[in-house]
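A.B. asks: Here's my sequence, what's the structure:
(one chain, ligands or ions: 1)
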Amino acid sequence: MPWLQLRLAITPEQADPMEDLLLGLGAVSVTFMDAEDQPIFEPDLGTTPLWSHTHLLALFEADVDQQKLLEQLQLIWPGTFPEHQLEEIADQDWERSWMDNFKPMRFGRRLWIVPSWHEAPEPDAVNLLLDPGLAFGTGTHPTTALCLEWLDGQALKGLQVIDFGCGSGILAIAALLLGAERVVGTDIDPQALEASRDNAQRNQLADARFPLYLPEAMPDAPADLLVANILAGPLVSLAPQLTSLVKPGGRIALSGILAEQTEDILAAYRDSFELDPVANKDGWIRVSGVRRDVAL
Ligand SMILES: C[S@@+](CC[C@H](N)C(=O)[O-])C[C@H]1O[C@@H](n2cnc3c(N)ncnc32)[C@H](O)[C@@H]1O
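C.D. replies: Model (predicted):
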């Protein structure tokens, strides 16, 4: 049987009310995806963080009155109705099809990201069990991949780490499983902190090894290593704070940066860090380096 699929780009805060609304109007399933590397709409890359949106897929039986459905949604939804697409699709097991697209992935030499509903392909590898929920960070986005590959190449044993913009907790948990002693995680999104906590438990990590804070409540103690996968704009404006959160001789990795924004980031960090060559993946970059003892 064919189905009618409604795709919406929503903010994380809209997820729960929108899900209730769609189920109330007869959707047979509602699923969420990261707003990953293939946005369905064309966001303004200069200003719109891709990960401030979640993709929602709602499935209706094909004989639903499309016109009426949209009218009802637009009538009930408070404010401007999110951008959307309606398309007819062939039959398949939709819940599973979404999950099947998120497969175990290896980063660097040792690290696997394993969706929590999958078997670990290499039981002896470092296996990070993950269910991103509504938070950003599955490993499929090039910026997350760049950070995971960098972490895999670091000697992390016994280190104190900060994950600034932790999302699903993927980078922090990777650092812990690769040997870091403790990671302080922070995110402006309370749902990300929740997802990070859930994923830490999924990987049997004690809360004390991964304390989580909203940015305003975060301790200002510097760490041996800091990762921040947020946008170029915040990375530039937060440069003094992020620099002060890295001990002299400590390491930093920054991503969430489009290739054309490279120079802005280098300019903001090169006085305080001895920078490595920039790494590039699919138009996104990673900047990393070691904090100088004294700024130039
Ligand atoms: C691209 S996601 C990265 C998630 C995860 N660390 C990863 O690498 O996949 C960016 C995260 O940073 C958070 N964020 C954005 N701006 C922030 C800020 N100024 N302070 C703290 N977190 C921020 C967002 O809420 C989001 O969860």
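
A.B. asks: Where do the strands of the stretch 151-296 of the chain begin and end?
C.D. replies: Along the stretch 151-296 of the chain, the segments classed as strands by DSSP state E, counting those that start in this stretch run 160-164, 182-186, 212-213, 223-229, 246-258, 273-275, 279-281, 284-291.

A.B. asks: ok, the nearest residue to Ser29 once chain neighbours are set aside - contacts?
C.D. replies: Leaving out its chain neighbours, the residue that sits closest to Ser29 by C-beta to C-beta, 6 or more residues apart in numbering is Leu59, at 4.8 Å. (Glycine included, C-beta is placed from N, CA and C.) For Leu59, the contact set (C-beta atoms under 8 Å, 6 or more residues apart in numbering) comprises Trp3, Leu4, Gln5, Leu6, Ala27, Val28, Ser29, Val30, Trp94.

A.B. asks: Can you lay out those as TSV showing distance to the ligand?
C.D. replies: What follows is those, written out as TSV (distance: C-beta to the nearest ligand atom, whole Å):
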residue	distance to the ligand
Trp3	31
Leu4	31
Gln5	26
Leu6	25
Ala27	27
Val28	30
Ser29	25
Val30	22
Trp94	25
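
A.B. asks: Turn these into a markdown table, including pLDDT, neighbour count and secondary structure.
C.D. replies: Shown next, in a markdown table, are the contacts of Leu59 (pLDDT from 0 to 100; neighbours: other C-beta atoms under 10 Å; DSSP: H, G, I helix; E, B strand; the rest coil):
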| residue | pLDDT | neighbour count | secondary structure |
| --- | --- | --- | --- |
| Trp3 | 80 | 18 | strand |
| Leu4 | 86 | 19 | strand |
| Gln5 | 87 | 18 | strand |
| Leu6 | 90 | 22 | strand |
| Ala27 | 85 | 21 | coil |
| Val28 | 79 | 13 | coil |
| Ser29 | 76 | 15 | strand |
| Val30 | 80 | 18 | strand |
| Trp94 | 48 | 16 | helix |
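
A.B. asks: ok, so of those, who is nearest Ala120?
C.D. replies: Comparing the contacts of Leu59 against Ala120 with C-beta to C-beta places Trp94 closest, at 25.5 Å.

A.B. asks: Below-threshold pLDDT in this protein: ranges please.
C.D. replies: Along the chain, the parts satisfying pLDDT under 70 run over 1, 34-53, 91-101, 132-137, 295-296.

A.B. asks: got the contact list for the lengthiest helix in it?
C.D. replies: Scanning the chain for the longest helix, with DSSP state H as the assignment, gives helix 190-202. For helix 190-202, the surrounding residues in contact (C-beta under 8 Å, 6+ apart) are 12, 116, 129-136, 166-170, 172-173, 176, 185, 187, 207, 209-210, 212-214.

A.B. asks: same thing with stretch 282-294?
C.D. replies: With C-beta under 8 Å, 6+ apart, stretch 282-294 has contacts from 37, 142-143, 146-147, 150, 243, 246-259, 261-262, 265-266, 269, 272-276, 278-280.

A.B. asks: For PyMOL, write a command that selects the buried ones of the residues you listed.
C.D. replies: Command for PyMOL, covering only those of the contacts of stretch 282-294 found buried under the criterion 16 or more other C-beta atoms under 10 Å:
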select buried, resi 37+142+143+146+147+150+243+246+247+250+251+252+253+254+255+256+257+261+265+266+269+272+273+275+279
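
A.B. asks: Stretch 247-255 and the ligand, are they touching?
C.D. replies: No: with C-beta under 6 Å from any ligand atom as the criterion, the ligand is not reached by stretch 247-255; the gap is at least 7.0 Å.

A.B. asks: Dump that stretch to CSV, restricted to CA.
C.D. replies: The C-alpha trace of stretch 247-255 is given here as CSV (Å, rounded to 0.1, in the frame of the first residue of the first chain):
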residue,chain,number,x,y,z
LYS,A,247,45.6,24.6,29.9
PRO,A,248,48.9,25.8,28.4
GLY,A,249,50.2,22.8,26.5
GLY,A,250,46.6,21.5,26.2
ARG,A,251,44.9,20.7,22.9
ILE,A,252,41.8,22.1,21.1
ALA,A,253,39.7,20.8,18.2
LEU,A,254,37.1,23.0,16.6
SER,A,255,34.5,22.1,13.9
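
A.B. asks: all helices for the protein, in order.
C.D. replies: 15-24, 66-76, 94-101, 142-152, 170-177, 190-202, 232-237, 239-244, 262-269.

A.B. asks: Tell me if stretch 149-168 is near the ligand.
C.D. replies: Yes: judged by C-beta under 6 Å from any ligand atom, stretch 149-168 comes into contact with the ligand at Phe164, Gly165, Cys166, Gly167.
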